[in-house]
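Colleague: give me the fold of what follows.
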Amino acid sequence: MRSYTNLLVEGEYKPEDDKISVVVHDQLSYTNLPESILRDVEERRESLIYNDAFSETQFVNDPYIVKHQPKSMVCMPLINQNKTIAIIYLENNRMSGVFTKERMRIINLLSREMVFSLENASLYSELERSEEQYRELVNHMQDGIFITQDKKCKYVNAALAQMLGYELEEMLEQPFEIFVSPADRTNVMDYYERRIEGKKAPHEYETRLLHKDGKREVIVMHQVTLINYMKKPAIQGTVKDITERKKAEEELRRHKDHLEELVKERTKELELNNEELNKYIHLIEKISITDELTGLYNRRYFNKIFKEAVDKAGKSKEYLTYIMLDIDYYKKYNDTYGHYEGDNVLRRLGETIRALAGQAAGYVFRLGGEEFGIIVNGFTPMQSFEYAEGIRRHIENLQIEHATSLLFKIITVSVGVVTVCVDDLNEEDIYKLADDALYQSKANGRNCVTLMER
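Modeller: Just a heads-up that it's a prediction; the model follows:
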């Protein structure tokens, strides 16, 4: 990170531990980096992406590359207001081609969030430094001292005279009010008279004094008290010049207002960015559980849902039905009509099964190849058999030509059905029962339904 300090944040994910470790280093003392790649990205301000960094990159002689031989690699600058504020370096030592176009979109979105976060942190740090400078300024101010009697200056110190641009002699025996700003003169002199008369008046207040040039005003904090001077009542006071402090406060206020506006803008941008990022996350989640060819749920999602369905049925004591379908002589169809037409058959059957499963609030999956699975709750064994038979008939009625089908000359399916009260069964037991039922349907001549009960 390029800021007031040179920091390096290192993160490593180990699949065997399923854990991310994060370490912060001082970049000046940390050498385990691909320096030539980082310098190139910083100088050219362009991202580098390699599918196999050790064989593709021009930096094969970099000591880090030689030592670690990374495969997939991406190195990209984080740029804000035309300045490089940080550099991201990611690598995968196990697989080539990891950083796909879709993943780079996610990385770019996350990097934008990092830019905004780093900028906000920098702005807050700048504010803290401004406040530090302001405190140092206040601590080094010198106070003026005066004594007034009969409304005239009887004593002033050099600091007060210098503050207002006078020589000491020029202020002595002069009416005190001429050194007070006309706008504040009435109030200050009223406080003076009340204090001399022993009446209540503030001991500390802010006011403005007039500089000798008659144009500038000095903002001061008065601290005053009634004393006996030369055997007569007098006012003794200290004057703290707070002009620079007031300017600093005003500047600080403007700076804070500006910072708050910037934070609001960045927060709004982050919210929009998060919305876009969430869309991609939802899309990736959907892709991860969906079979690309048919649009049905995939085997990975089946494993999750099947276990949940078995657990739920076990607790509710209701029937659970699992149906397996396999396309008859599908390999022969592929060999005769080609894989393109074979894929079309999978899509049409997937659409048909999904529509029928939706009517029963069931889940439908492509388990692999030409095999499909359906999970339904609440059907009795007979209802399950009739439901599965209805699916078989719908597929048969599609009348998709299959000239090399040994028996039917059209696309058909063999179906295995198991309907159980779960009790002590687990998902492996139920899956095997349905698989055995499917095997029995094939043994019975295919294009039929076999119900397995327990």
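
Colleague: what's the following helix or strand after the longest helix anywhere in the chain?
Modeller: Identified as the longest helix of the chain according to DSSP state H is helix 243-288. Downstream of helix 243-288, the first helix or strand assigned by DSSP states H and E is helix 299-316.

Colleague: just the buried residues of that following helix, please?
Modeller: Tyr301, Phe302, Phe306, Ala309, Val310, Ala313, Gly314 (16 or more other CB atoms under 10 Å). The way it works is simple: take the backbone N, C-alpha and C, and place the C-beta from them, glycine included.

Colleague: same question, stretch 274-290
Modeller: Leu277, Ile289, Thr290.

Colleague: quickly note the distance from the first one to Ile287.
Modeller: Counting by CB to CB, to the nearest Å, the gap between Leu277 and Ile287 amounts to 15 Å.

Colleague: element containing the residue nearest to Leu349 when sequence neighbours are not counted?
Modeller: Using CB to CB, 6 or more residues apart in numbering and skipping the chain neighbours, the partner closest in space to Leu349 is Ile395 (6.1 Å). Assigned by DSSP H and E, Ile395 belongs to helix 381-397.

Colleague: one step back: mean confidence score for the longest helix of the chain?
Modeller: Averaged over helix 243-288, pLDDT sits at 83.

Colleague: I figured Val74 hits Asn51, correct?
Modeller: No - using CB atoms under 8 Å, Val74 makes no contact with Asn51, being 10.2 Å away.

Colleague: which neighbours do those two share?
Modeller: Phe99 (CB atoms under 8 Å, 6 or more residues apart in numbering).

Colleague: what about those two, which has more around it?
Modeller: Neighbours per residue (other CB atoms under 10 Å) separate Val74 from Asn51, with Val74 holding more: 20 against 15.

Colleague: hang on, the more buried one in a strand?
Modeller: Yes - per DSSP: H, G, I helix; E, B strand; the rest coil, Val74 lies within a strand segment.

Colleague: list the residues that contact it.
Modeller: Per CB under 8 Å, 6+ apart, neighbours of Val74: Ser47, Leu48, Ile49, Tyr50, Ile88, Tyr89, Leu90, Glu91, Phe99, Met104, Ile107.

Colleague: ok so, going back, next one: the longest helix of the chain to chain centre, how far?
Modeller: Mean C-alpha position of helix 243-288 versus that of the full chain (CA atoms, centre = their mean, to the nearest Å) differs by 12 Å.

Colleague: and the angle for it with helix 299-316?
Modeller: Orientation check (axes from the mean of the first three to the mean of the last three CA atoms, to 10 degrees): helix 243-288 against helix 299-316 gives 90 degrees.

Colleague: helix 243-288 packs against which elements?
Modeller: On a contact count with 3 or more CB pairs under 8 Å, 6 or more residues apart in numbering; DSSP states H and E, helix 243-288 meets helix 101-139, strand 217-229.
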